[in-house]
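S.K.: Please find the sequence and the predicted model below.
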Amino acid sequence: LLGSAGIINMGMAHGRTATPTVNEPWVYALHAPDCSEKSFSCYFEPWSNCSDKTFGADTAYNIPETIVEHFHYVPPKFMHKGVFWWRSLQMQYLLRFKPEIDALIDLESIRKEANFSHPIIGLHVRKGDSCHTTLRRQRCIPITRHAEEVQRMTDRYGVKKVFLATDDTTALSDLKRLLPDHDIASITQYDRSKLQSGDRVWLEHRLAKGELSGHELLTFTARDLLLLSESDFFIGHFSSNLSRLAFLR
């Protein structure tokens, strides 16, 4: 979605309307029930009234993947508010789930399951494929460092309740051991062992091969993301898209 925001920015900068394509399936939508397009439209409200079917070859404009300046673009009339404000607004707009997906996510039930109440620290611990396959290779933050930051937040604000969002199987037990005086909760409805794929294996590649259900993973991730964004305090690492999305939303 952060990349989608950049594409929308590029379209605005060129006086064009950006739309997600349905020519190539989105790997997270390959197992979307009752949705033949297998695209963003299976889960999210449309960006606009246009679609890629609206345009002909003479009007379409493909954005080179090497162009990055559009990520810093802000419409001139909002320039005084800054790029952070504009990107946050975009995330609010793009993260509009369709009503049936909202019902499936069932955030109210998830809040009760996780005993989610305020004030609460939202903590994102990323320990999956990106620790082995990206620029973060061998640079992911150890759980002890996360615990130190939680304690720092507790010392400053007096909050001991923590919501943990993670793709790691041991993060919850490790944090409870490191922070025995804290009330730490996490969503338990997804088997995180499915995400342990070892070195140099992109999660998206496993989704494309059908080794994982993108539908189940997206639903689980959406629940983590929404609860992180509702937290009163947030600890994450901004090399992770989920951390950035939670903070911006």
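M.R.: Everything's here; your move.
S.K.: contacting residues for the spatially closest residue to residue 114 that is not a sequence neighbour?
M.R.: Closest residue to residue 114 apart from its sequence neighbours, by CB to CB, 6 or more residues apart in numbering: residue 185 at 4.5 Å. C-beta coordinates here come from the backbone N, C-alpha and C atoms, glycine included. Taking CB atoms under 8 Å, 6 or more residues apart in numbering, we find residue 185 in contact with 114-116, 161-164.
S.K.: distance between the host helix or strand of residue 185 and the chain's centre?
M.R.: Per DSSP states H and E: residue 185 is located in strand 183-186. Between the centre of strand 183-186 and the centre of its chain there are 20 Å (CA atoms, centre = their mean, to the nearest Å).
S.K.: how near is residue 142 to residue 155?
M.R.: According to CB to CB, to the nearest Å, residue 142 stands 20 Å off from residue 155.
S.K.: after the worst-scoring helix or strand of the chain on mean pLDDT, next one along is what?
M.R.: Across the helices and strands of the chain, mean confidence by mean pLDDT, DSSP states H and E is lowest for helix 130-133: a mean of 60. Next in sequence after helix 130-133, counting helices and strands by DSSP H and E, comes helix 143-157.
S.K.: Which residues does that following helix contact?
M.R.: By CB under 8 Å, 6+ apart, the residues outside helix 143-157 that reach it are 119, 121, 123, 125, 127, 159-160, 162, 168, 170-171, 174-175, 178-179, 182, 233, 235.
S.K.: So for it, what gets flagged as buried?
M.R.: Within helix 143-157, the residues scored as buried using 16 or more other CB atoms under 10 Å are 143, 146-147, 150, 153-154.
S.K.: Closest to residue 222 out of those?
M.R.: Using CB to CB, residue 146 comes nearest to residue 222 of these, at 22.1 Å.
S.K.: Need the pLDDT of that closest one.
M.R.: Predicted confidence (pLDDT) for residue 146: 95.
S.K.: And residue 107, by the same measure?
M.R.: In this model, residue 107 carries a pLDDT of 94.
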